[in-house]
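Engineer: any chance you could fold what I've pasted below:
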Amino acid sequence: MIDYGLYLVTDRRWLMGRDLVACIEEAILGGVTVVQLREKDVDSRSFFLLAGRMKALTDRYGIPLIVNDRLDIALAVGAAGVHLGLDDLPVATVRKILGPGKIVGASAATVEEAQRFEKEGADYLGVGAVFETATKLGNESVSFDDLRSIKRAVNIPVVAIGGIKAENAGAVMKMGVDGVAVVSSILAMPDVREAAIRLAAAVRGAGK
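Structural biologist: Next up, the predicted model:
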């Protein structure tokens, strides 16, 4: 079983020149349970080399590595799986290529999308944006009621994303979701490990 409680999505723009792999290690030590490698502005070779370093790191800590969008990179480095957006390859196609032993995640913003992706073979859903976020501008917003409805409509884990911080993570978790996905609320912080510790505590505390 995958623990989706604190799901970190990478974005080097927030690191202020710090090394990505070193920061991800600090985040894992702080309580991150899943890492998604998301690189939109690098060539394929650079992405492959970075993914290899990230796979070695996540393997060392027993953390699943999910590659955003790039099925070829995920296969090349033996990642745990791939995460797909609405403009990426279809979930059913990727499931057929990867087979049953790998993780396929999909972004959804409506009950209809969530149910379709579950039927096509998704293992979990990323649902948002729950709050305004500077990471991905123009994302469709998802209310707490929407989040609760999506969770009730599917039988696979749901991870909320979008503007989530330690201060609001508990309220999001109380909608019944299986975890929260974050970017800047960990990677933009001066102390990455401490930021992860605070978020992990908020996620765990919501279940008590």
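Engineer: can we go C-alpha only for contacts and neighbour counts from here?
Structural biologist: OK.
Engineer: partner strands of the host helix or strand of Val159 and their direction?
Structural biologist: Using DSSP states H and E, Val159 maps to strand 158-161. Counting by DSSP bridges, the strands paired with strand 158-161 are strand 124-128 (parallel), strand 179-182 (parallel).
Engineer: could I get these as JSON lines with mean neighbour count and distance to Thr93?
Structural biologist: As requested, the strands paired with strand 158-161 are arranged in JSON lines below (neighbours: other C-alpha atoms under 10 Å; distance: least, C-alpha to C-alpha, whole Å):
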{"stretch": "strand 124-128", "mean neighbour count": "26", "distance to Thr93": "16"}
{"stretch": "strand 179-182", "mean neighbour count": "25", "distance to Thr93": "25"}
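Engineer: redo those strands as a markdown table? Include mean pLDDT and distance to Gly78.
Structural biologist: What follows is the strands paired with strand 158-161, written out as a markdown table (pLDDT from 0 to 100; distance: least, C-alpha to C-alpha, whole Å):
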| stretch | mean pLDDT | distance to Gly78 |
| --- | --- | --- |
| strand 124-128 | 97 | 19 |
| strand 179-182 | 98 | 22 |
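Engineer: who wins for proximity to Val42 among the ones you listed?
Structural biologist: Taking C-alpha to C-alpha as the measure, the strands paired with strand 158-161 were each checked against Val42, and strand 179-182 came out nearest at 21.1 Å.
Engineer: what packs against whatever helix or strand comes next after the closest one?
Structural biologist: Counting by DSSP H and E, the next helix or strand C-terminal to strand 179-182 is helix 184-187. Other helices and strands packing on helix 184-187, by 3 or more C-alpha pairs under 8 Å, 6 or more residues apart in numbering; DSSP states H and E, are helix 192-206.
Engineer: now do the helix it packs on, average pLDDT.
Structural biologist: Averaged over helix 192-206, pLDDT sits at 95.
Engineer: which other residues reach it?
Structural biologist: 5-6, 23, 26-32, 165-167, 169-171, 173-174, 179-180, 185-186, 189 (C-alpha atoms under 8 Å, 6 or more residues apart in numbering).
Engineer: please consider this matter closed, and thank you.
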